[in-house]
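[1] All I have is the shape, not the residue letters:
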């Protein structure tokens, strides 16, 4: 059995190179791996393509990664949300690229990438600007667009409990995109509130099996995005 625990956040992200495609779990605040993102900022990898549901909030987490000039392109569903100011400003200046994907389509593209499915058809976005340049086909009298599966070099994920073999349990809605991203990435790096011994987790409760996880770091008291924003925190 392989012990996948890592002793430090910095060590866990140290292999992420410039130009990597990085999936980052989280649905707004829920499930956002802030400590791993901050470790990636400290690591300094640049020219990244980041895949997330949104573009971060305030000046911490994903927003801080973008503000630090490390992200070349965002693939997301919500480029602007309640406290997002960094990405909109950079986008208006033409300093960052955006690939806008409807939320359900984004989830399915990630799932497809993890399942080895190169492309699929969906009716979502037919007749909108998001259909431009995409193959369209008709099935049973309805038009569908061809969407490509998404995969990544790395995934950064937050979970509630992991064992040393990389089996993961998530806390409620913090589950969101994370299990799909674990499957779609070549290397999955996880921050867990608690790491337990193999056999301590009920197999019926495991959401992501360890085969999809390469590194696990324990972060007992993870930061909360909303608290950091309310306190006016800025990283780094």
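    Cool, got the structure. Note that the structure is predicted; figures quoted are calculated from it, not measured.
[2] what's the closest non-adjacent residue to residue 43?
    residue 13 (5.2 Å; CB to CB, 6 or more residues apart in numbering). Where you see a C-beta, it was placed from the backbone N, CA and C, and this is true even at glycine.
[3] same question, residue 103
    residue 77 (4.1 Å).
[4] Enumerate every residue touching the one you found.
    Counting by CB atoms under 8 Å, 6 or more residues apart in numbering, residue 77 touches 53-54, 100-103, 106.
[5] Any chance of a markdown table for those residues, columns neighbour count, secondary structure and distance to residue 181?
    Formatted as a markdown table, those follow (neighbours: other CB atoms under 10 Å; DSSP: H, G, I helix; E, B strand; the rest coil; distance: CB to CB, whole Å):
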| residue | neighbour count | secondary structure | distance to residue 181 |
| --- | --- | --- | --- |
| 53 | 23 | coil | 11 |
| 54 | 23 | strand | 14 |
| 100 | 14 | strand | 19 |
| 101 | 22 | coil | 14 |
| 102 | 16 | coil | 17 |
| 103 | 15 | helix | 14 |
| 106 | 23 | helix | 11 |
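[6] Could you check how far the residue nearest to residue 103 is from residue 18?
    26 Å (CB to CB, to the nearest Å).
[7] Then residue 175?
    Distance from residue 175 to residue 18, by CB to CB: 31 Å.
[8] out of those two, which sits in the more crowded spot?
    Taking other CB atoms under 10 Å, residue 175 and residue 18 do not tie; residue 175 has more neighbours (20 against 11).
[9] Counting neighbours, what do you get for the closest residue to that one other than its chain neighbours?
    Once flanking residues are discounted, residue 175 sits nearest to residue 207: 6.2 Å by CB to CB, 6+ apart. Applying other CB under 10 Å, we find 14 residues neighbouring residue 207.
[10] What of residue 72?
    15.
[11] Give the phi and psi angles for the residue nearest to residue 103, as a check.
    phi -100, psi -30 (degrees, to the nearest 10).
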